[in-house]
Every structure is written in C-alpha cells, then in structure tokens.
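Visitor: output the structure for:
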Amino acid sequence: QGLRNHGKLSKGSRILIIGASGGCGTAAIQLSQYFGAKDIVAVCSGKNEDFVRSLGATDVIDYTKSDVGEVFKNSEGLIDEARKFDVIYYAASYSGAGEDYRAVSLELLKEAEDGSNRGQYVAINGSLGMWLQALTVGFRDNTHLVVMKSDVDDLQTIAKLTDEGWTDYNGN
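Guide: Numbering: from 1, shown residues only. Take a look at the predicted model:
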C-alpha cells in the first residue's frame with residue numbers, strides 16, 4: 001500500500017529504499033521489482049550489500065561509508081534531475097542510531113515541470129514531530145506517513161507471490 005497507493009510506484013520508476021536490509025525494506029525491494037521499477041537503489045550497511053542485490057537492488061549505498069545526499073551530487077554540488085527519485089521509501093524506522101534522512105530525501109525527489117515536487121516520500125514510521133504533524137496539520141501532497149489498512153486482496157497477492165515466486169508485474 002505504501003509503495004503503490006502513496007508512492008505511486010509504477011513501471012520504469014526510480015526508487016530509493018532507506019533501510020533496505022530490514023524486514024520492510026527487503027519487502028520493498030521485491031515489491032518494487034514486481035511493480036517494474038527501473039532503478040532500485042538500496043541504502044544499508046555494506047555487510048548487507050550482497051543480500052539486497054540478491055533481492056533485486058540495482059545499486060547499493062553503504063550508509064556507513066557514504067553520505068546519502070552527497071552520493072547524488074555533481075561536481076558543482078547540485079543534484080541533477082536525472083539522478084532524482086520518483087519514490088523514496090523510508091523503512092529505517094528511526095532505529096535509534098540518530099539518523100534522519102527526511103531532509104535529504106526531500107531534496108532527492110523529482111520535480112514537476114512547474115518546480116513543485118513530483119516524487120513521493122513514503123515513511124513507514126517517523127519522529128514524534130512527524131506523527132504530530134500527521135495528526136494535526138498534515139503534510140504536503142508528496143509526503144506520506146503510512147498507516148497500513150487491512151486489505152484481503154493485498155494479502156492474497158503477497159501470498160500468491162510467495163507461493164509462486166516473485167516475478168515482475170508482467171509475469172517475467
């Protein structure tokens with residue numbers, strides 16, 4: 001639901017998954033592949049690189065060695081639009097290590113032709129401030145703090161994919 005409904009992930013999309021080696025992150029990699037994402041960039045520690053690549057990550061950023069925001073900047077310190085993302089899925093869940101990727105994530109989202117944000121930032125958890133904002137004034141149209149809804153069809157699709165093997169949206 002987070003990727004499909006809020007992230008609007010579709011075939012050919014470019015997605016950055018922060019917290020890619022955890023439970024929700026690994027599912028996001030596989031679901032991104034299922035939905036036909038072109039680029040699946042995983043953020044995790046280097047010790048998990050082979051694991052996330054085996055699930056379908058096309059590129060990996062080791063957050064212990066690289067600053068996520070700096071990786072995408074050109075020699076002038078700017079982020080080219082072609083390197084930005086349609087979806088940023090934040091699954092790191094504020095693990096307690098002091099990381100906060102929200103600000104850099106918003107900079108990495110693709111922009112619409114009018115300069116507004118087109119990319120979608122989808123977080124499965126958030127800081128106290130994010131929860132307070134979600135419960136009071138809300139977010140911009142491209143920022144989502146996801147609370148999943150029970151959906152039988154979604155669960156049946158995941159069960160089918162698990163039973164029959166993970167393929168892309170076209171059955172490949």
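Visitor: nearest residue to the middle of this protein?
Guide: Nearest to the geometric centre of the chain sits residue 89, at 2.1 Å (CA atoms, centre = their mean).
Visitor: wait, a strand at that residue?
Guide: Yes: under DSSP: H, G, I helix; E, B strand; the rest coil, residue 89 falls within a strand.
Visitor: beta partners of it?
Guide: residue 17, residue 122 (DSSP bridges).
Visitor: hey, where'd the strands end up in this protein?
Guide: In the chain, strands defined by DSSP state E lie at 14-18, 39-44, 59-62, 87-90, 120-123, 143-145, listed in chain order.
Visitor: what is the least confident helix or strand in the chain?
Guide: helix 128-135 (a mean of 64; mean pLDDT, DSSP states H and E).
Visitor: where does this structure have low pLDDT?
Guide: For the chain, applying pLDDT under 70 flags the ranges 93-100, 114-117, 126-135, 137-140, 142, 144-145, 147, 166-172.
Visitor: go again with 90.
Guide: The chain contains residues with pLDDT under 90 at 1-10, 23-24, 34-35, 64, 66-70, 73-75, 77-82, 90-172.
Visitor: would you list every one of the helices in it?
Guide: Ranges of helices within the chain are 23-34, 49-55, 68-71, 102-107, 128-135, 152-164, based on DSSP state H.
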